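**Q** Here's my sequence, what's the structure:
(2 chains)
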Amino acid sequence: MKVCVVGIGGCGGAVAECFLQNQDILGGYLPNKLHCAGGYYKSFGNIRGLWIEAAKTDAISQKFFGPLGNGCYPGYIIPKDAIIKDESLYGNIRQKYGFDVLGEGFFSKAEPLKAINEIFDIENELGQNPMMNYAWSSIQQYTTLSSNLSQGKDSSLCDSMLFVISLGGGTGTGFINPVTKKIREKAQFPVFVLGILTEGGKDQRHVSEDQRSLSATISMYDLITKRRGGEAISGLILVDNQILTERFQGDYHKIDNYIFEIMRPFLESREYPKKHLDPLHLDGNLWKDLKHPAILVPCHCADNNDDASHLVRCALENPLFNCNPAKADRAYIFARGFVNPEGLRDALHNEIKVSKDHIGVYPKPGDGINEILILLRNPYGGNIGAQNDSKSFERRIYDLISRASNYITSSKVDIILDSYPEITRNALENYFYGDSGLLKMLEVSRDRIAKGEKPGEEPFFSQELKIFEENEPIEVFVQTSGSEDEKIRSIVKQEVEKALRGTG
Amino acid sequence: MNYIFGMGIFFILMALGSGLHILNLLKTYKKVQKITEGDVQMGEVIKKISRNHGPNFTAFAITSWILLITAFVHFYFFAPVDLPKGVTYFRFISLMPSFLEISGFGIFMLVLFGIIAALFIRKHWLYSFYPVSNRMKRYIALTVPMLLVSIIISIVLGIWYSSTLDSEIEFWIEILRPVALALLLVSEGILIWPVIAGFKEGAT
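**A** Down below sits the predicted model:
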């Protein structure tokens, strides 16, 4: 398995920088411009990657990534650059929907980008979303889906993808769904998302925890409500920054490096003979018995000790997101070093009682130390009132949803801006406050968590929600609001499309 | 100073490095066999677990090894040592006393070992088997100037030794000889350190 790492937004970029650091000597001393001269670049596990950022000033002010368009590696892209080339497109969206697609960042709001992307889905005249096309074409060149790929297999290309985002920021939360959708609709390509849930309190930009919770909720909601096949990702790996800020006293540089360290067993591209990890096989395994993407909680341990029981116990004591490991329905162990795979399987089985058949072990060569990363699948559900346990997964998600609901309830004027045109105001009103809107759905989710429902068929978020439904803008475009004929036409159109999709 | 002792240390370190490398290979091979529960070939194991340290480091490391041999040859073949005169190639030195000619010989040695390295060092060579930290990589890169200094000292000593010695030159020879040897041995120690560390911590 060879993974590409794509950081989205400020936090995603900072973590991706740790992942993509040049492991060779002298590379760091070279001026950034030389990285753009096509020189060979060696990062851990030979992984490749890039950074997607919305704020150009942030991208220019850092030294690690260079503009990908200038041939720099590691590179960054500003997706809105694709729109600047077509000013009329920008004008159309701004005029009709009130969204500033050329804005400098999205300031911890997930809904503007979600809305913009949905506008492209419904407005056939706009064509495909140029921002996502640009992002995808930038990523694609590093993958086995590359259009430049000749008949021979290129071992340097990635066969899977890891997106790194902050769940609570604006760019990461807004971009992740449309970008992953773009990839998954192209091919069955394993896509993992490493979502870092922001810590409590106000962040560096003084955005309230409630607002960031809403942003994180929308992003997670959209990721895990996708159904198997099609656009759904392979798994959402959750890291709680609250745990890490306490452990590293708020030193973000140390936190970013630690996140890289814990992910090394997953990213290592070297494999033992006869132990090839097929990413599609892993993808299939992650989807077993599920209809929605898995939530994965990472637990990590690195030690000179090669005793499997010790490593497993040590890892389970260090989850990166609070949970009861025994609630996991499956687990995946990525190991580096010389630890016996069967020993690891037995040890984890003994610790959390998950059937041995439900534990995947993927041994890889290490770097003189033994380390394991355990990904616990859906470690929640099964007992009533688990949200009252301060160390439970349910508690953190329940709190997150509650804060998001508070923000929706108390900050309507900040969500539905006066400056938005009526079409957008109506769509947002319906999306957030409608009878089947987000606020109601979050209530249902909290109820499911409180009742201790197991994720099995449905996770805590289950019903996909859109800001702009396909039929609404068509009504607006032809200025027939209220016309029964148009409504019928729209419904018929949708049904025909569904039927056509069904027949392949 | 007894320079035969220095030569002994050089060969002991080289033998230690070679021995530990072979032990590391065998130890790793056994462990990988356990993990894979199968009949795997040593060559396949080396190929699979080899890592790429990057072209800058690889260039430095190969250069360092070539310079190490060159520095050793210069020190014991050119510089005055405690060997019988016939063994030091003293006569050979006296045939080409100019700095330019001796440097030319050094360049010839470098090119010769460079060709040997290019022919025999493959993608999966010594360091690709070991984890090498960035700090260690920088130390290994540092051996290039260290060994170059050792070689230059040996050349200068060789020229002085083949000319008439006065007391002032004798003084400088006494100062510079141990410096050249120390640079040679410290560099050798640094170059084989990843192998020793690999033995201590586990190679992969």
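
**Q** Next to chain B in this structure, residues from chain A, please.
**A** Applying Cβ under 8 Å from any Cβ of the partner chain, we find that chain A lies next to chain B at A:22-27, A:40, A:42, A:46, A:270-275, A:304, A:337-338, A:340-341, A:363, A:365-369. From N, CA and C alone the C-beta is placed, and that goes for glycine too.

**Q** same thing but 6 Å
**A** A:23-26, A:40, A:42, A:272-274, A:338, A:363, A:365, A:367-368 (Cβ under 6 Å from any Cβ of the partner chain).

**Q** Taking the residues you listed, tell me the two that lie furthest apart.
**A** Farthest apart among the residues of chain A next to chain B by Cβ to Cβ are A:L26 and A:K274. That separation is 36.8 Å.

**Q** ok, A:P455 touching A:R377?
**A** No - using Cβ atoms under 6 Å, A:P455 makes no contact with A:R377, being 8.7 Å away.

**Q** circling back: could I get the residues of chain A next to chain B in TSV, plus columns for pLDDT, secondary structure and neighbour count?
**A** Listed next are the residues of chain A next to chain B as TSV, based on pLDDT from 0 to 100; DSSP: H, G, I helix; E, B strand; the rest coil; neighbours: other Cβ atoms under 10 Å in any protein chain shown:
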residue	pLDDT	secondary structure	neighbour count
A:Q23	85	coil	21
A:D24	86	coil	23
A:I25	83	coil	24
A:L26	75	coil	16
A:Y40	67	coil	12
A:K42	82	coil	19
A:Y272	91	coil	25
A:P273	90	coil	18
A:K274	87	coil	14
A:F338	90	coil	21
A:P363	94	strand	24
A:P365	92	coil	23
A:D367	87	coil	21
A:G368	83	coil	19
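
**Q** Report the separation between A:R227 and A:K327.
**A** 23 Å (Cβ to Cβ, to the nearest Å).

**Q** Comparing those two, which residue is more hemmed in?
**A** A:K327 (24 against 13; other Cβ atoms under 10 Å in any protein chain shown).

**Q** OK, contacts around the more buried one?
**A** Contact analysis of A:K327 by Cβ atoms under 6 Å, 6 or more residues apart in numbering or on different chains lists A:379-380, A:382.

**Q** low-confidence ranges in chain A?
**A** In the predicted model of chain A, residues A:27-40, A:84-86, A:103-108, A:147-154, A:202-205, A:470-504 satisfy pLDDT under 70.

**Q** ok, back up a step: just curious, which of the contacts of A:K327 is nearest to chain B?
**A** Minimum distance to chain B across the contacts of A:K327 is 27.4 Å, recorded for A:P379 (Cβ to the nearest Cβ).

**Q** Neighbours of that closest one, how many?
**A** With other Cβ under 10 Å as criterion, A:P379 counts 29.

**Q** what's the neighbour count on A:K291?
**A** Neighbour tally, A:K291, other Cβ under 10 Å: 16.

**Q** A:R228 is in contact with that one, correct?
**A** Yes - between A:K291 and A:R228 there is a contact at 5.2 Å, judged by Cβ under 6 Å.

**Q** quick one: pLDDT of the residue of chain B most remote from its centre?
**A** Using Cα atoms, centre = their mean, the residue of chain B lying farthest from its centre is B:E37. It sits 38.1 Å away. You'll see B:E37 listed with a pLDDT of 81.

**Q** Show me what the longest strand along chain A is packed up against.
**A** As assigned by DSSP state E, the longest strand anywhere in chain A is strand A:294-303. Here strand A:294-303 touches strand A:235-240, helix A:308-316, strand A:370-377, going by 3 or more Cβ pairs under 6 Å, 6 or more residues apart in numbering or on different chains; DSSP states H and E.

**Q** now those as TSV including mean neighbour count?
**A** Output for the helices and strands packed on strand A:294-303, formatted as TSV (neighbours: other Cβ atoms under 10 Å in any protein chain shown):
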stretch	mean neighbour count
strand A:235-240	24
helix A:308-316	21
strand A:370-377	26
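
**Q** Need those in a markdown table (columns: distance to B:P55).
**A** Below are the helices and strands packed on strand A:294-303 laid out as a markdown table (distance: least, Cβ to Cβ, whole Å):
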| stretch | distance to B:P55 |
| --- | --- |
| strand A:235-240 | 32 |
| helix A:308-316 | 34 |
| strand A:370-377 | 27 |
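
**Q** quick one on the thing from earlier: which one of the residues of chain A next to chain B sits closest to chain B?
**A** Among the residues of chain A next to chain B, A:D24 lies closest to chain B (Cβ to the nearest Cβ), at 2.5 Å.

**Q** quick one: what helix or strand has the residue lying closest to A:N129 once chain neighbours are set aside in it?
**A** Nearest residue to A:N129, sequence neighbours excluded (Cβ to Cβ, 6 or more residues apart in numbering or on different chains): A:F120, at 3.8 Å. Using DSSP states H and E, A:F120 sits within helix A:111-122.

**Q** what's around residue 114, how many residues?
**A** Unless you meant another one, I'm taking chain A. Count around A:K114 with other Cβ under 10 Å applied: 25.

**Q** Let me rephrase: I mean chain B.
**A** Residues within reach of B:G114, counting by other Cβ under 10 Å, total 14.

**Q** Distance check, the residue lying closest to it once chain neighbours are set aside against B:I116.
**A** Excluding its sequence neighbours, the residue lying closest to B:G114 (Cβ to Cβ, 6+ apart) is B:I66, at 5.9 Å. Distance of B:I66 to B:I116, given as Cβ to Cβ: 8 Å.

**Q** just B:Y29 next, same as before
**A** For B:Y29, the distance to B:I116 - Cβ to Cβ - is 27 Å.

**Q** Between the two, tell me which one has more neighbours.
**A** B:Y29 (17 against 12).

**Q** residue contacts, that one?
**A** Counting by Cβ under 6 Å, 6+ apart, B:Y29 has contacts B:42, B:45.

**Q** ditto for A:N322
**A** Here A:N322 is in contact with A:391, A:396 (Cβ under 6 Å, 6+ apart).

**Q** quick one: secondary structure of it?
**A** Classification of A:N322 using DSSP: H, G, I helix; E, B strand; the rest coil returns coil.
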